[in-house]
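Chemist: what shape does this take:
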Amino acid sequence: MTAQDQQRSMIVGMDNGLIVGYGTSADGTFFAYDRECPNCFNINQIPVRSYKISVSDFGIGSCANCHREYDLNNGGIISKGDPGNKLSRYYATTTGPYGRLTVQ
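Modeler: This next block holds a predicted model:
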């Protein structure tokens, strides 16, 4: 994060990271999720540690720390692992592959 980023009034994502893309279902819905694991990441922990979600080609996000898997094509719910919080989803639109991305 740069000094200019710190001056912005809103940074999206718990640790300034997002997962964005089209779903693999037939309707091709556009998604945006927080990239941090909602069950491992704690903004109040000192030092703050990042627990980034990695994404497979099949729309499954996984956390290497807690080993939960999240279904990105189904609202970010936990599809494998211990019960907990689903991924934080943001409203997002895009004008195309090389266009503008808007996240709210």
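
Chemist: roughly how far apart are E36 and A64?
Modeler: Separation of E36 from A64 (CB to CB, to the nearest Å): 12 Å. Quick note: C-beta positions are derived from backbone N, CA and C, even for glycine.

Chemist: any idea what the residue sitting nearest the centre point of the chain is bridged to?
Modeler: Nearest to the geometric centre of the chain sits D34, at 2.5 Å (CA atoms, centre = their mean). Counting by DSSP bridges, D34 forms beta bridges with L18.

Chemist: if I look at it, what pLDDT would I see?
Modeler: The per-residue pLDDT reported for D34 equals 89.

Chemist: I'd like the numbering to begin with 49 instead of 1 from here.
Modeler: With 49 as the first residue, the last one maps to D82.

Chemist: pLDDT at L135, what is it?
Modeler: Looking at L135, its pLDDT is 91.

Chemist: now do the contacts for it.
Modeler: 67, 81-82, 86, 101, 109, 118, 120, 124 (CB atoms under 8 Å, 6 or more residues apart in numbering).
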